[in-house]
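K.L.:
please find the sequence and the predicted model below.
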Amino acid sequence: MPIIGARRLEHLTGNLAGLDVTLTPPQPAALDGVSAPELDYPAPMHGAQRAMLQFAGATVDGEPSTVYPPLLQSDVRY
């Protein structure tokens with residue numbers, strides 16, 4: 001459920017009118033398709049490497065990552 005942050009009564013009225021809208025099952029998928037972000041360089045280039053550096057072996061959203069090899073050899077552990 002979104003949180004409405006309207007500053008004017010017209011904004012609140014318009015937002016509340018959205019409660020009367022019912023989407024059919026294919027409509028949310030179509031909206032997701034046209035609003036999906038396109039990541040700029042270097043994001044598409046470093047998928048697995050980015051996950052390795054960012055998540056360090058954790059599984060995030062069902063996607064496992066590996067550990068950056070120098071971290072495995074390090075004497076410093078947290």
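P.N.:
Cool, the structure landed.
K.L.:
for P42, give me the pLDDT.
P.N.:
Here, the pLDDT recorded for P42 equals 70.
K.L.:
where do the helices of the chain begin and end?
P.N.:
9-17, 26-35, 47-55, 69-73 (DSSP state H).
K.L.:
looking at those, which is buried most?
P.N.:
Comparing the helices of the chain by mean neighbour count (mean count of other CB atoms under 10 Å), helix 47-55 ranks first with a mean of 14. Using the backbone N, CA and C atoms, a C-beta is placed for each residue, glycine as well.
K.L.:
returning to that earlier point: in terms of mean pLDDT, which of the helices of the chain ranks lowest?
P.N.:
For those, mean pLDDT drops lowest on helix 47-55, to a mean of 72.
K.L.:
what's that helix packed up against?
P.N.:
Helix 47-55 makes packing contacts with no helix or strand when contacts are defined by 3 or more CB pairs under 8 Å, 6 or more residues apart in numbering; DSSP states H and E.
K.L.:
what's in contact with that helix?
P.N.:
Residues from elsewhere that reach helix 47-55, judged by CB atoms under 8 Å, 6 or more residues apart in numbering: A43, V60, E63, S65, T66, V67, Y68.
K.L.:
chain center to it: distance?
P.N.:
Chain-centre distance of helix 47-55: 15 Å, with CA atoms, centre = their mean, to the nearest Å.
K.L.:
and if you look at stretch 31-48?
P.N.:
Using CA atoms, centre = their mean, the distance from the centre of stretch 31-48 to the centre of the chain it belongs to is 10 Å.
K.L.:
go on, stretch 12-24?
P.N.:
Relative to its parent chain, stretch 12-24 has a centroid offset of 24 Å by CA atoms, centre = their mean.
K.L.:
now stretch 27-46
P.N.:
Going by CA atoms, centre = their mean, the spacing between the C-alpha centre of stretch 27-46 and its chain's C-alpha centre is 10 Å.
K.L.:
just the C-alphas of it, formatted as PDB.
P.N.:
Included here for stretch 27-46 are C-alpha records, laid out as PDB according to Å, rounded to 0.1, in the frame of the first residue of the first chain:
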ATOM      1  CA  GLN A  27      -2.000  -4.800 -17.000                       C
ATOM      2  CA  PRO A  28       0.500  -4.800 -14.100                       C
ATOM      3  CA  ALA A  29       2.900  -7.000 -16.200                       C
ATOM      4  CA  ALA A  30       2.600  -4.500 -19.100                       C
ATOM      5  CA  LEU A  31       3.200  -1.600 -16.800                       C
ATOM      6  CA  ASP A  32       6.300  -3.300 -15.300                       C
ATOM      7  CA  GLY A  33       7.600  -4.000 -18.800                       C
ATOM      8  CA  VAL A  34       7.500  -0.400 -19.900                       C
ATOM      9  CA  SER A  35       8.800   1.100 -16.600                       C
ATOM     10  CA  ALA A  36      11.700  -1.300 -16.000                       C
ATOM     11  CA  PRO A  37      14.900   0.700 -15.500                       C
ATOM     12  CA  GLU A  38      17.800   0.300 -17.900                       C
ATOM     13  CA  LEU A  39      21.000   0.300 -16.000                       C
ATOM     14  CA  ASP A  40      23.800   2.400 -17.500                       C
ATOM     15  CA  TYR A  41      27.400   1.500 -17.900                       C
ATOM     16  CA  PRO A  42      29.100  -0.300 -16.100                       C
ATOM     17  CA  ALA A  43      26.200  -2.200 -14.500                       C
ATOM     18  CA  PRO A  44      25.400  -4.600 -17.500                       C
ATOM     19  CA  MET A  45      29.100  -5.300 -17.800                       C
ATOM     20  CA  HIS A  46      29.900  -6.500 -14.300                       C
END
